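*Asks:* with the sequence up front, the predicted model follows.
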Amino acid sequence: MTQSLLAQQIDALLTGETNQMANLANASALLNDSLTDINWVGFYLYQPDANELILGPFQGKVACMHIKVGQGVCGTAFAKKEVLRVANVHEFAGHIACDSASNSEIVLPLHNAAGDLIGVLDIDSPSLDRFSQADEAVLAEFEQALAKYI
């Protein structure tokens, strides 16, 4: 099965680089340049000592820095270990509004090369219902390709 273009690009971009922060920074930049109709893309990384997600590399406006596990879309996706596609964030119970311009969101669990859950990939859009099942499939493949480098 052929990889999506995004998965191929992240693989080519990160081959040979071992620094996690550098790889996550370039991954967020690649997604920001490649995806349309988004206003924020980045990573939240799990901090076990505080049982929270902390802001990692991203592209977009300033963002919330601490998200408790189980809170908001990011914390819920992490706690459930599943992708959350939210058509209207204003209807998501407990949504954390870091940017009032965001109306829809997709959050994917983020794994490292060993398969450990280490955080989430978060993407916001100013449009309602921006993220489709097809987007989810491409982004899941992207996350799997990225995992080899973090």
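*Replies:* Received, thanks.

*Asks:* run a quick neighbour tally on the nearest residue to Lys61 once chain neighbours are set aside.
*Replies:* Distance criterion C-beta to C-beta, 6 or more residues apart in numbering; nearest residue to Lys61, sequence neighbours excluded, is Asp99 at 5.4 Å. The C-beta positions use only the backbone N, C-alpha and C, and glycine is treated the same way. When neighbours are counted by other C-beta atoms under 10 Å, Asp99 registers 16.

*Asks:* tell me which stretches of this protein form strands.
*Replies:* Taking DSSP state E, the strands of the chain run over residues 40-47, 52-60, 66-68, 84-86, 104-111, 117-125.

*Asks:* geometric centre of the chain: which residue is closest?
*Replies:* The centroid of the chain falls nearest to Leu121 when counting by C-alpha atoms, centre = their mean (1.3 Å).

*Asks:* roughly how far apart are that residue and Ser104?
*Replies:* Separation of Leu121 from Ser104 (C-beta to C-beta, to the nearest Å): 15 Å.

*Asks:* hmm, Gln47 is touching Leu53, no?
*Replies:* Yes. Counting by C-beta atoms under 8 Å, Leu53 is a contact partner of Gln47 at 7.2 Å.

*Asks:* looking at those two now, which is surrounded by more residues?
*Replies:* Leu53 (28 against 13).

*Asks:* for the residue lying closest to that one once chain neighbours are set aside, list the residues it contacts.
*Replies:* Nearest residue to Leu53 in three dimensions, chain neighbours excluded: Tyr44, at 3.7 Å (C-beta to C-beta, 6+ apart). Contact analysis of Tyr44 by C-beta atoms under 8 Å, 6 or more residues apart in numbering lists 53-56, 67, 74, 78, 119-120, 122.

*Asks:* and those as a markdown table, adding distance to Glu17 and pLDDT?
*Replies:* Shown next, in a markdown table, are the contacts of Tyr44 (distance: C-beta to C-beta, whole Å; pLDDT from 0 to 100):
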| residue | distance to Glu17 | pLDDT |
| --- | --- | --- |
| Leu53 | 24 | 98 |
| Ile54 | 22 | 98 |
| Leu55 | 21 | 98 |
| Gly56 | 16 | 98 |
| Ile67 | 27 | 97 |
| Cys74 | 25 | 97 |
| Phe78 | 25 | 98 |
| Gly119 | 18 | 98 |
| Val120 | 21 | 98 |
| Asp122 | 22 | 98 |
